[in-house]
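K.L.:
take a look and give me a structure for this.
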Amino acid sequence: MKSFEQQWLEEDGEKLLKHIGIQKKHKMLDFGCGKGNYTIPAARIVGKEGLVYATDKDKKALGKLVRRAKASGLTNIIRLEALNKARIELDNKCLDVVLLYDVLHYYYYPQAEDRRQLLGEVRRVLKPNGLLSFFPTHLESYVEPRLEDVKKEISEAGFHPENEYPDLTMIHDDNLEKGRIINYRKTSA
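P.N.:
The predicted structure follows:
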């Protein structure tokens, strides 16, 4: 019998990511990827013609991601070092999708300017009509930033809301729990 983590990496994570819009051949970034709970299933979906960049400030977690990818036979994941927490070291308009899952709460007040800078970077690296997929874990419980404030900042950064997927089974901190994903599209202007 598979552990819930194996089940997630091999089946359930792929189902969820396909449901929210990840497709074959996409080039994407998992920003704040941790040990790859979303990176690994995304890499399976995008396939050999796609690419998943993975970045995290935690070098140990990135090391675990690399080991997991190798053990899974995945060669379409590129590890990016987080040199600056609000800078994405990629070219302009090179990505179809950016995942911001369980990460924006780290950019609390007084780091709101870093959060706005990060959202500007996400806009910069996304292709026209690119997808920003946001898992707002913790934002309902934090005093700063509040979810409504962050949603407003995402819109002000040049994104329009596309879909909200409530009550999804997500993996978070090595546990399965109910959560929601909010998708935005890069505006053309």
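K.L.:
how about the helix or strand harbouring Leu62: buried residues?
P.N.:
Here Leu62 sits within helix 59-71, counting by DSSP states H and E. Going by neighbour count (16 or more other CB atoms under 10 Å), the buried part of helix 59-71 is Ala61, Leu62, Leu65, Val66, Arg68, Ala69. Quick note: C-beta positions are derived from backbone N, CA and C, even for glycine.
K.L.:
which elements pack onto that helix?
P.N.:
helix 39-46, strand 51-56, strand 77-81 (3 or more CB pairs under 8 Å, 6 or more residues apart in numbering; DSSP states H and E).
K.L.:
which one of those has the lowest average pLDDT?
P.N.:
Lowest mean pLDDT of the helices and strands packed on helix 59-71: strand 77-81, a mean of 93.
K.L.:
now do the strands in the protein.
P.N.:
27-31, 51-56, 77-81, 95-101, 126-135, 159-172, 175-186 (DSSP state E).
K.L.:
about what we covered before: in CSV: the buried residues of helix 59-71, plus pLDDT and distance to Arg146.
P.N.:
Shown next, in CSV, are the buried residues of helix 59-71 (pLDDT from 0 to 100; distance: CB to CB, whole Å):
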residue, pLDDT, distance to Arg146
Ala61, 93, 27
Leu62, 93, 30
Leu65, 96, 30
Val66, 95, 35
Arg68, 94, 34
Ala69, 96, 35
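K.L.:
can you put those residues in CSV and add distance to Leu176?
P.N.:
Output for these, formatted as CSV (distance: CB to CB, whole Å):
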residue, distance to Leu176
Ala61, 19
Leu62, 23
Leu65, 19
Val66, 24
Arg68, 18
Ala69, 22
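K.L.:
ok, so of the residues you listed, who is nearest Arg185?
P.N.:
Leu65 (27.3 Å; CB to CB).
K.L.:
list the contacts for the nearest residue to the closest one once chain neighbours are set aside?
P.N.:
Excluding the flanking residues, the one nearest Leu65 by CB to CB, 6 or more residues apart in numbering is Gly36, at 3.7 Å. Going by CB atoms under 8 Å, 6 or more residues apart in numbering, Gly36 touches Asp30, Ala54, Lys64, Leu65, Arg68, Ala69, Ile77.
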